[in-house]
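A.B. asks: Model the following, please.
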Amino acid sequence: MARSNKVLVPEAREALDRFKMEAAQEVGVNLKQGYNGDLTSRQAGSIGGQMVKKMIQAYEQGLK
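C.D. replies: Residues are numbered from 1 along each chain as shown. Take a look at the predicted model:
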């Protein structure tokens with residue numbers, strides 16, 4: 001089954017982009033609008049890891 005990057009909720013794309021930029025800033029990665037193919041795997045992974053960390057924290061706060 002092929003994956004699609006089709007945006008199901010257009011409003012969510014902007015929120016995710018802002019979230020990604022915030023996470024990149026927190027881990028010290030210079031992320032720019034548009035294509036970021038020049039990032040190393042470590043940099044990209046640190047951004048994704050920070051995003052997951054923040055999502056888990058938000059979920060845990062919602063449980064309290």
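A.B. asks: residue contacts, the most centrally placed residue in the chain?
C.D. replies: Centroid-nearest residue in the chain, with CA atoms, centre = their mean: residue 20, separated by 3.4 Å. By CB atoms under 8 Å, 6 or more residues apart in numbering, residue 20 lies in contact with 31, 47, 51. Glycine gets a C-beta too; all of them are placed from N, C-alpha and C.
A.B. asks: which one's the longest helix in this protein?
C.D. replies: Counting by DSSP state H, the longest helix found in the chain is helix 41-63.
A.B. asks: Show me what that one is packed against.
C.D. replies: Helices and strands touching helix 41-63, by 3 or more CB pairs under 8 Å, 6 or more residues apart in numbering; DSSP states H and E, are helix 10-26.
A.B. asks: for the helix it packs on, the distance to its chain's centre please.
C.D. replies: Centroid separation for helix 10-26 versus its chain: 6 Å, with CA atoms, centre = their mean, to the nearest Å.
A.B. asks: Pull out the buried residues from that helix.
C.D. replies: Going by neighbour count (16 or more other CB atoms under 10 Å), the buried part of helix 10-26 is 20, 23, 24.
A.B. asks: Neighbour-wise, which one of the contacts of residue 20 leads?
C.D. replies: When the contacts of residue 20 are compared by neighbour count (other CB atoms under 10 Å), residue 47 ends up highest, at 22 neighbours.
A.B. asks: Touching, that residue and residue 28? I think so.
C.D. replies: No. Assessed by CB atoms under 8 Å, residue 47 is found out of contact with residue 28, at 10.1 Å.
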